[in-house]
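[1] Predicted structure and sequence below. I'll ask about it afterward.
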Amino acid sequence: MANISVFNLEVFGVAKWVVDVVVGLLAIACLCIYQFLQHKSSPGPRAWPIFGSTFELLGNLNQLHDWILKYAQQYDTFRVSTFLSNYIFTVDPVIMDYVFKKNWKNYGKGKVISSQLSAFYGNGIFISNGEQWEWHRQILQRQLFSSIHTKYNLDLHIEAGIEVSSMLIQLASKGTKEIEMQNVFRRMAFDTIFQNVCGVKLKSLSSSFLEIDFIKAFETAKVQTNWRTYDPFWKLKRFFLLGPEAILKENLTFLDEFLYKIIERRRNEVKDQNDALQDVNGDLLSRILLLFKDDPKVDSDQNIRDVIVNIIEAGRRTTVEALCWTFFMICSHPHVETKILQELSKIMEDKGVCVPIQNGHNTKGNEFFMNNVATYAHLLNHDNLSEMHYLHATVTETLRLYPSVPCIAKEALSYDKLPNGMRVKKGDFVNVVPYSMARMQFLWGLDATDFKPERWLKDGLFQPESSCKFSTFGVGPRSCIGKDEAYVQVKMTIAILLWFFKFKNVVGQNVTYQQASTLKMSTNGLLLEFEPRDWQDLCGSKYVKLTSAT
Ligand code: HEM
C-alpha cells in the first residue's frame with residue numbers, strides 16, 4: 001500500500017507539473033487562435049501572439065500618422081492589437097457618423113483613460129461622461145458664444161498680433177533675419193488662452209523669452225500625465241512617488257495652488273460687483289462666477305479649476321499647430337500668399353479705409369511702424385474676418401492636411417458592432433483619423449494630397465464640407481466647442497503678420513511632426529526668414545496712392 005501511495009504521489013506530482021504546462025500551453029494556443037481569428041476578421045498589421053502589433057507600432061512611433069495612413073490606404077477600417085489595448089482605426093465617414101453621432105453615448109472616456117488622466121484634467125470636459133460632461137459643456141457653450149466674451153476674445157487676438165509684430169520689428173531693427181516661430185506661437189497662444197479664461201496676463205511673449213513658471217508647470221504636468229498611458233507600472237510609481245510621478249505631483253501642486261489663488265481673488269471681486277457691472281469682465285472665469293452663482297457646482301473651487309485646466313489645454317496647442325502649419329504652407333506656396341494679401345487689400349479698400357503705412361519702415365522708425373500696425377489691427381473685426389474667404393479656405397485646407405488633432409480616440413463603453421460588421425469589445429479604442437482621411441482619394445479626389453485652398457471655394461465664397469469628411473474638429477455632441485474661436489485667432493494672426501512682414505521658409509530645414517497628441521512640429525520647430533514688407537513691391541501704385549492720400 002505504502003509503495004502504491006508513494007508511486008501515486010510521484011505520479012500525481014509529475015502529472016500536476018505536466019498539467020500546469022499543458023494548461024499554460026493550451027491557454028496560449030487559445031489566445032493565439034483567438035487573435036488569429038480576430039485578425040482574420042479585422043484586417044491590419046501583422047499581429048503576433050500576446051504582443052499583437054506592439055513592436056511594429058513602437059518601431060513607427062516617430063512617423064505614427066504615416067504608418068496609420070499606410071494601412072488606411074489598404075483597408076478603410078483596420079485593427080491594431082497591442083500588449084495593452086485594441087485599437088480600431090477608420091477613415092470611413094459612415095463609421096465616424098455612427099461612433100460620433102448615432103451611438104455616441106457608447107463611445108466616451110472609459111475608466112482606464114479617466115484614471116490615468118484625472119490627476120491633470122480632474123473631472124473636466126475632456127474625460128467626463130454623462131451629467132458631469134453635460135454640466136461642463138453647457139457652461140462653456142453659454143459663455144464661449146456670449147457676445148461679451150467673443151468681443152473680449154477678439155481684442156485679445158488683436159493685441160497678440162500687435163505684440164508679435166512689435167517683437168519682430170525690434171528684432172529686425174537689430175539685424176535679426178530668422179526666427180523659430182513655433183516657440184513664438186506657443187507663447188502667444190498660452191498668453192491669449194490664459195487671459196481669455198482667467199483674465200490674467202502671463203506675458204510670456206514679452207518676457208524676453210524667459211520661461212514662465214506656470215506655463216512650465218502646466219506643460220510638464222501634461223506631458224507626465226500622458227506618459228501614464230504608455231506605462232503599465234504608473235500606479236506603482238505613483239504609490240512610491242518615483243520618477244515621472246514625483247515630477248507630476250510637484251508640478252500639479254504648483255499649478256493648482258496658482259489657479260486656486262486666482263479663483264479666490266476673482267470670487268472676491270465678483271462678490272463685490274453689482275448686477276450693473278456684469279458686463280465688464282469678459283474672461284470666462286468671471287462670466288461663470290457671475291452668471292452661474294446660484295449653481296451649487298460653481299461653489300466648488302475644484303470644479304472651476306477643472307473647467308480652467310481643460311479649456312486651456314483644449315485651446316493652447318491646437319491653435320499653435322494650426323498657426324505653424326498654416327504659415328509653413330503659405331510660405332511654401334507663394335501664390336497663396338499673394339492671394340491672401342490681395343484679399344486683405346481689397347477688404348481695406350472696400351471699406352474706404354486708408355491705412356497710413358509708409359514705404360519702408362526704416363525711414364521713420366519702429367514707433368511709426370507700430371502705430372501703423374495698431375491702426376490696421378484695430379480695423380479688423382468679426383465682419384472683416386468673415387469676409388476673408390480665401391484666408392478661411394487656406395486655413396481650412398491646412399487643417400485638412402495637417403489636422404491639429406491627427407487622430408481622435410473614443411473608448412467603447414460596452415460591446416458593439418460597427419456598421420461594417422467589425423466587433424468592438426468594451427475598452428477597445430475606436431480612432432477616427434483626420435490625418436489619413438485628408439489623404440484619401442475616395443474622399444477628396446485624385447489631388448487629395450495637394451495643397452489647394454481653391455477646393456473650398458465656389459465663385460470666391462467658402463463652401464463648408466460635411467464634418468464626417470472634413471473631420472478635423474470632430475462631429476456630433478462632443479465635437480470641438482472652440483472651432484470659431486480657433487479660426488478667429490488663426491485668421492487674425494495671419495491677417496496682421498502677413499500684412500506687415502514677409503516670411504520665407506529657411507532653406508534646408510526638415511519640417512515634420514513629432515509624436516504627441518497634437519500634430520506638433522518636430523523639435524527644431526519652424527524656422528522662418530522674416531523682414532518688414534516693402535509696400536511698393538506688394539501693392540504697386542494703387543496702394544501707394546492710397547497711402548499718400550493719408
Ligand atoms: C485649430 C484648432 C482646434 C482644433 C483642430 C480642435 C479640434 C478638436 C477636436 C478634434 C476635438 C475632439 C472632438 C471629439 O472628441 O469628438 C475637440 C474638442 C474640444 N475642443 Fe477643440 N480644437 C481646436 C481649438 C479649440 C479651442 C481654441 C478651444 C477652446 C477655446 C477648444 C475647445 C474644445 C473643447 C472644450 C473640446 C471638448 C468637447 C467635448 O468633449 O464636449 N478647441 N477639439
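    Noted; the coordinates are in hand. Since we're looking at a predicted model, the values are computed, not measured.

[2] Closest residue of the stretch 351-500 of the chain to the ligand?
    Nearest residue of the stretch 351-500 of the chain to the ligand, counting by Cβ to the nearest ligand atom: residue 482, 2.0 Å away. All C-beta atoms are positioned from the backbone trio N, CA, C, and that covers glycine.

[3] what's the neighbour count on that residue?
    Residues lying near residue 482 (other Cβ atoms under 10 Å) number 19.

[4] do residue 448 as well
    17.

[5] What of the one 3 residues further on?
    A total of 17 residues lie near residue 451 under the criterion other Cβ under 10 Å.

[6] What of the one 3 residues further on?
    A count of nearby residues for residue 454, using other Cβ under 10 Å, gives 12.

[7] who touches it in this structure?
    Residues counted as contacts of residue 454 (Cβ atoms under 8 Å, 6 or more residues apart in numbering) are residue 393.

[8] if I look at it, how far off is residue 105?
    Counting by Cβ to Cβ, to the nearest Å, the gap from residue 454 to residue 105 is 39 Å.

[9] With residue 447 instead?
    Distance, residue 447 to residue 105, using Cβ to Cβ: 38 Å.

[10] what does the stretch 351-500 of the chain put close to the ligand?
    Selection of the stretch 351-500 of the chain residues close to the ligand by Cβ under 6 Å from any ligand atom yields 399, 403-405, 408, 472-474, 478-482, 485-486.

[11] what's the closest of those to residue 517?
    Of all these, residue 405 has the smallest distance to residue 517: 7.4 Å, by Cβ to Cβ.

[12] what helix or strand does the most centrally placed residue in the chain sit in?
    In the chain, the residue lying closest to the centroid (Cα atoms, centre = their mean) is residue 318, at 2.8 Å. Secondary structure from DSSP states H and E places residue 318 in helix 301-332.

[13] Repeat that for residue 163.
    Secondary-structure element containing residue 163, defined by DSSP H and E: helix 147-173.

[14] If you average the pLDDT over whichever helix or strand comes after that helix, what comes out?
    Heading C-terminal from helix 147-173, the first helix or strand you meet, by DSSP H and E, is strand 178-180. Average pLDDT, strand 178-180: 96.

[15] Which strands and helices lie in contact with strand 178-180?
    Where contact means 3 or more Cβ pairs under 8 Å, 6 or more residues apart in numbering; DSSP states H and E, strand 178-180 is packed against strand 527-532.

[16] Who does the strand it packs on pair with, and is each partner parallel or antiparallel?
    If you go by DSSP bridges, strand 527-532 pairs up with strand 178-180 (antiparallel), strand 501-505 (antiparallel).

[17] in that strand, what counts as buried?
    Applying a neighbour-count criterion of 16 or more other Cβ atoms under 10 Å, one finds 527, 528, 530, 532 buried in strand 527-532.

[18] what are the C-alpha coordinates of it, in CSV please?
    Provided in CSV are the C-alpha atoms of strand 527-532 (Å, rounded to 0.1, in the frame of the first residue of the first chain):
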residue,chain,number,x,y,z
LEU,A,527,12.4,78.4,-38.9
LEU,A,528,11.3,81.4,-40.9
GLU,A,529,13.2,84.2,-42.5
PHE,A,530,11.4,87.5,-42.0
GLU,A,531,11.6,91.2,-42.9
PRO,A,532,9.2,94.1,-42.8
